[in-house]
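**Student:** Provide a 3D model corresponding to the input given below.
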Amino acid sequence: MSENLFQRRRFLLSAAAGTAALALPSLTPAFAASPSGPAPVLPVRQVSTDLLDIGYHEAGPENGRPVILLHGFPYDIHSYVDVAPMLAAQGYRVIVPYLRGHGSTRFLDAATPRSGQQAAIGADVLALMDALHIPEAVLAGYDWGGRAACVVAALKPSRCVGLVSVNSYLIQDIAKAGAPLPASVEWGLWYQYYFQTERGRAGLQANRRDIARILWKNNSPTWHFDDATFERSAKAFDHPDYVDIVIHSYRHRLGLAAGYPEYEAAEKKLAALPAITVPAITLDGMADGVIPATDGRSSAARFTGPRSHRQIPGVGHNLPQEAPKEFADAVAELARNGKWRS
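**Tutor:** Numbers count the residues shown, from 1 in each chain. This is a model prediction of the structure:
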């Protein structure tokens with residue numbers, strides 16, 4: 001893996017301010033104010049893998065135990081704007097990458113397929129770890145990011161000290177994708193079906209911000225975010241590959257688009273719905289507008305290692321941004337108690 005770190009200097013967030021950062025030439029201004037309000041902006045570094053130039057936020061001491069925080073769709077790294085400094089203040093090395101198709105993460109080769117399938121986003125996490133010389137980490141995420149974390153935990157448990165996953169086991173059972181869910185759940189998945197059509201692709205291309213805002217409101221009905229908070233994340237959706245990757249993701253998961261050959265071996269393993277053996281904490285927001293909260297028993301068979309399931313009252317789908325302390329506490333618990341080999 002090639003590395004394109006402009007400077008490998010330590011980057012710290014102070015516990016008192018929770019937002020102070022060392023100024024690096026390769027970073028955007030630390031917590032710069034949004035033009036529409038005082039929404040802090042996370043500074044970003046870049047590192048290259050074989051396929052991607054990945055944009056990521058880093059906080060905490062470089063020699064701290066690494067934790068990798070993964071965002072969902074349609075969100076970005078600012079889901080962790082409060083979680084990251086909490087963990088950095090405890091001495092953890094916090095890495096928050098933009099997923100493919102978001103923010104400053106870019107493909108190195110214009111000919112690389114713009115895949116959004118689950119094996120691809122899982123592979124990206126492993127490639128990022130290799131590029132940053134991180135042999136193992138606590139992985140945490142929700143939505144797409146939670147799925148990527150589950151993929152790594154299931155297929156490469158030696159790289160995952162612990163897993164925090166919102167909505168439990170997120171590896172897709174594509175073989176059963178055609179089976180209907182309860183009507184009360186199906187109505188909230190309108191965008192997934194919309195994206196199966198060329199009208200939906202054109203709609204996402206033309207209205208990516210409007211669609212994202214509607215999903216934010218529906219996904220988290222109790223979360224009262226302001227315009228500045230939304231716009232800070234919405235900039236990540238201006239990515240030139242955003243539409244292609246999102247459309248492929250939602251078509252592949254419903255079995256209506258083929259995967260790419262480079263991910264075929266991993267997808268075959270994922271089709272067996274492999275168990276997650278690493279220590280895990282699963283979280284459910286009780287006001288989640290996408291996936292109804294459960295007591296965790298329905299997915300218990302998928303977690304064969306130690307697991308704690310927790311329900312968070314009054315919180316929707318973007319759990320780390322809506323309940324940052326609860327999310328950070330779960331990550332820190334696994335990092336503190338993990339069996340680190342490196």
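**Student:** Next, count neighbours for His309.
**Tutor:** Burial of His309 is recorded as 17 neighbouring residues (other Cβ atoms under 10 Å). All C-beta atoms are positioned from the backbone trio N, CA, C, and that covers glycine.
**Student:** okay, it: pLDDT?
**Tutor:** Per-residue confidence at His309 stands at 98 (pLDDT).
**Student:** any idea which element it lies in?
**Tutor:** With the criterion set as DSSP states H and E, the secondary-structure element containing His309 is strand 307-312.
**Student:** Identify the single longest helix in the chain, thanks.
**Tutor:** With DSSP state H applied, the helix covering the greatest number of residues in the chain is identified as helix 198-219.
**Student:** next structured bit after it?
**Tutor:** Past helix 198-219, heading to the C-terminal end, the next element that is a helix or strand (DSSP H and E) is helix 227-234.
**Student:** Who are the packing partners of that next one?
**Tutor:** Based on contacts counted as 3 or more Cβ pairs under 8 Å, 6 or more residues apart in numbering; DSSP states H and E, the elements that helix 227-234 packs against are strand 32-34, strand 37-41, helix 198-219.
**Student:** between the last one and helix 227-234, how big is the angle?
**Tutor:** So that's helix 198-219. Helix 198-219 and helix 227-234 are oriented at 140 degrees to each other (axes from the mean of the first three to the mean of the last three Cα atoms, to 10 degrees).
**Student:** Dump helix 198-219 to PDB, restricted to CA.
**Tutor:** Only the C-alpha atoms of helix 198-219 are listed here, as PDB (Å, rounded to 0.1, in the frame of the first residue of the first chain):
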ATOM      1  CA  GLU A 198     -33.400   5.500 -13.800                       C
ATOM      2  CA  ARG A 199     -35.800   8.200 -12.600                       C
ATOM      3  CA  GLY A 200     -34.400   7.600  -9.100                       C
ATOM      4  CA  ARG A 201     -30.900   7.900 -10.300                       C
ATOM      5  CA  ALA A 202     -31.800  11.200 -12.100                       C
ATOM      6  CA  GLY A 203     -33.600  12.400  -9.000                       C
ATOM      7  CA  LEU A 204     -30.600  11.700  -6.700                       C
ATOM      8  CA  GLN A 205     -28.300  13.500  -9.200                       C
ATOM      9  CA  ALA A 206     -30.500  16.500  -9.300                       C
ATOM     10  CA  ASN A 207     -31.800  16.600  -5.700                       C
ATOM     11  CA  ARG A 208     -29.100  15.000  -3.500                       C
ATOM     12  CA  ARG A 209     -29.400  17.600  -0.800                       C
ATOM     13  CA  ASP A 210     -33.200  17.600  -0.700                       C
ATOM     14  CA  ILE A 211     -33.300  13.800  -0.500                       C
ATOM     15  CA  ALA A 212     -30.700  13.700   2.200                       C
ATOM     16  CA  ARG A 213     -32.600  16.300   4.300                       C
ATOM     17  CA  ILE A 214     -35.800  14.400   4.000                       C
ATOM     18  CA  LEU A 215     -34.000  11.200   5.100                       C
ATOM     19  CA  TRP A 216     -32.400  13.000   8.100                       C
ATOM     20  CA  LYS A 217     -35.800  14.200   9.300                       C
ATOM     21  CA  ASN A 218     -37.500  10.800   8.700                       C
ATOM     22  CA  ASN A 219     -34.600   8.700  10.100                       C
END
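**Student:** which parts of it are buried?
**Tutor:** Of the residues in helix 198-219, those buried by neighbour count under the rule 16 or more other Cβ atoms under 10 Å are 200-201, 203-204, 208-209, 211-213, 215-216, 218-219.
**Student:** mind listing the strands for this structure?
**Tutor:** Counting by DSSP state E, residue ranges of the strands within the chain are 32-34, 37-41, 45-48, 52-59, 66-70, 93-97, 106-107, 137-141, 160-166, 280-285, 307-312.
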